[in-house]
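In: coords please:
(one chain, ligands or ions: 1)
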Amino acid sequence: MSMNGAVDQRRDHSPANAAVVPAEAPRVRLNPSMEHKPDNYDDLPLEFCPVLFSCLERYLLPSMLTAPRDTKVDHMREILLSYSPEAERIKKLSYLTPAFFLQPLHKELYGMHATNFFVSSFLKAIHENTEESFRSIMSEPVPGIFVFEMLQPEFCRLLLEEVEHFEKWVHDKGFIIMHPNLMSKYGVVLDDFGLETMLDKLMCDFVRPISKVFFSDVGGSTLDSHHGFVVEYGIDKDVNLGFHVDDAEVTLNICLGKQFSGGELFFRGVRITINGPSRYIKQFNVSVNQRDEEIFDYSQVPGQAILHHGRHRHGARATTDGNRINLVLWCRSSVFRELKKYQKDFPSWCGECKREKKARQQISISATKQELLKDGEPLT
Ligand SMILES: [Fe+2]
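Out: Here you go, the predicted structure:
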């Protein structure tokens, strides 16, 4: 122990304790400074609980207690990571590298400030939390697809600037950015840049109440994880998006802007029920195997949300001019997915697919009968 009361963490170099007491760990006080009032860290994108930072702050050396909050955060992150087991530390550093080093441009985006994010009609409906209130702000052009006003223009503007900030930082550092999903080359995974907590609140407090009412058959009431990202379309980006289904029980898709032409979404009903990565549908010709009442084409409007079953077949037409950027939240239910594993008789194909298969079989049988009747005696 040092003379000033700080703990020298380099006291034990034995292999058994190497992961717990690392040689290069920053020093902290043995006893907390109870007269010191720690900062609040709730609004920051942190990989450890914000309360942990507030508690740890009292153990910092006196010279650090008066440092700016950002400096203290960086210092305490270093302390906490140094105490993590090696495997966990590598995992955190590799997975959270962008969030760890990148300073946000608009810090207000990293906490849930609902009145600044959402339009008042949406907030009112969520507050009332009834099917009637949800339907009062939504249209349902085809069964299972809901369209409604959701985001304020200012929120869209700030998020677009934040995404540009991410991308510039990644470019300046020479890093390779991870694609948002298997189908999109342009865009970023927002969860990787510290927005995971905010998006989780978005799912739990705003998407789940609606999904509980309209998507209860696919675990809408038990959504418990998400994949949040933005996708970018334009002549110099991804131009369109092929016919596919999402790796999600429920998908929230919101156009953020900017100026663009084209980029309509098209929907063609629900068929495949299997889980797995988001995938293109083998049958690319969307005009085949579709019913008139399932056809829905949607022209995107900034701030307007579309909420649908993740397995609702869809795609995006070419963005022919300008740039279109969408915020997408794939919401998943571990309960629903686990239950499906244990439903032995759960069909791979939905009732509509079975109906079509049966219809094709009947047509084939009738055609065969006709052929046989031409060549011989009538069948009895
Ligand atoms: Fe999709």
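
In: Which parts of the stretch 51-200 of the chain are helices?
Out: 62-65, 69-83, 86-95, 97-101, 114-117, 120-128, 131-137, 153-173, 196-202 (DSSP state H, counting those that start in this stretch).

In: Give me whichever of the ones you listed is most buried.
Out: helix 196-202 (a mean of 19; mean count of other CB atoms under 10 Å). For glycine as for every other residue, the C-beta is placed from the backbone atoms N, C-alpha and C.

In: Could you name the helices and strands sitting against the helix or strand following it?
Out: For helix 196-202, the following helix or strand on the C-terminal side (DSSP states H and E) is helix 208-214. Judged by 3 or more CB pairs under 8 Å, 6 or more residues apart in numbering; DSSP states H and E, the packing partners of helix 208-214 are helix 131-137, strand 304-309.

In: so where's the stretch 1-150 of the chain uncertain?
Out: 1-26, 45, 47, 84-101 (pLDDT under 70).

In: Please repeat the previous calculation with a cut-off of 90.
Out: For the stretch 1-150 of the chain, applying pLDDT under 90 flags the ranges 1-35, 40-53, 55, 59, 61-64, 66-104.

In: For this structure, which strand extends over the most residues?
Out: Looking across the chain with DSSP state E, the single longest strand is strand 319-332.

In: who's in contact with stretch 38-57?
Out: 28, 36, 58, 65, 69, 72-73, 76-77, 79-80, 92, 96, 99-100, 104, 107-108, 110-111, 193-197 (CB atoms under 8 Å, 6 or more residues apart in numbering).

In: So for the strand or helix carrying Phe336, mean pLDDT?
Out: Using DSSP H and E, Phe336 sits within helix 334-342. Helix 334-342 shows a mean pLDDT of 85.

In: burial measure for Asp238, as a count.
Out: 19 (other CB atoms under 10 Å).

In: Tell me what it is bridged to.
Out: Residues in a beta bridge with Asp238, per DSSP bridges, are Tyr233.

In: Now do the contacts for it.
Out: So Asp238 contacts Ser184, Lys185, Tyr186, Val231, Glu232 (CB under 8 Å, 6+ apart).

In: circling back: go through the helices and strands packed on helix 208-214 and name the closest to Glu294.
Out: strand 304-309 (12.2 Å; CB to CB).

In: Which secondary structure state does Leu46 sit in?
Out: The three-state assignment at Leu46 reads coil, by DSSP: H, G, I helix; E, B strand; the rest coil.

In: returning to that earlier point: columns distance to Ala125 on top of the helices and strands packed on helix 208-214, output as CSV?
Out: Shown next, in CSV, are the helices and strands packed on helix 208-214 (distance: least, CB to CB, whole Å):
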stretch, distance to Ala125
helix 131-137, 4
strand 304-309, 12
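
In: Out of the ones you listed, the one nearest Val207 is which?
Out: Checked against CB to CB, the stretch from the helices and strands packed on helix 208-214 lying closest is strand 304-309, at 7.3 Å.

In: Dihedrals phi and psi, Asn240?
Out: phi -140, psi -180 (degrees, to the nearest 10).

In: Let me know whether it touches Thr320 as I believe.
Out: No: using CB atoms under 8 Å, Asn240 makes no contact with Thr320, being 9.6 Å away.

In: if I look at Ala248, how far off is Asn129?
Out: According to CB to CB, to the nearest Å, Ala248 and Asn129 sit 22 Å apart.

In: Comparing these two, which shows the higher neighbour count?
Out: Ala248 (24 against 12).

In: which ones are touching the more buried one?
Out: His227, Ser278, Gly310, Trp330, Cys331, Arg332 are the contacts of Ala248 under CB under 8 Å, 6+ apart.

In: In those residues, which residue is surrounded by the most others?
Out: Going by other CB under 10 Å, Cys331 tops those with 29 neighbours.

In: partner residues bridging that residue?
Out: Going by DSSP bridges, Cys331 forms beta bridges with His226, Val250.

In: For it, give me its contacts.
Out: 203, 207-208, 211, 223, 225-226, 248-252, 310.

In: and if we set it to 10 Å?
Out: 199, 202-204, 207-208, 211, 215, 218-220, 223-228, 246, 248-252, 307, 310 (CB atoms under 10 Å, 6 or more residues apart in numbering).

In: Filter the residues you listed down to the buried ones.
Out: Burial by neighbour count, 16 or more other CB atoms under 10 Å: within these this picks out 199, 202-203, 207-208, 211, 215, 218-220, 223, 226-228, 246, 248-252, 307, 310.

In: so what's Thr222 up against?
Out: With contacts defined as CB under 10 Å, 6+ apart, Thr222 is in contact with 208, 211-212, 216, 249, 332-339.

In: make it 7 Å
Out: Thr222 is in contact with Ser333, Val335, Phe336, counting by CB atoms under 7 Å, 6 or more residues apart in numbering.

In: Could you identify the buried members of those?
Out: Applying 16+ other CB under 10 Å to the contacts of Thr222 flags Ser333, Phe336 as buried.
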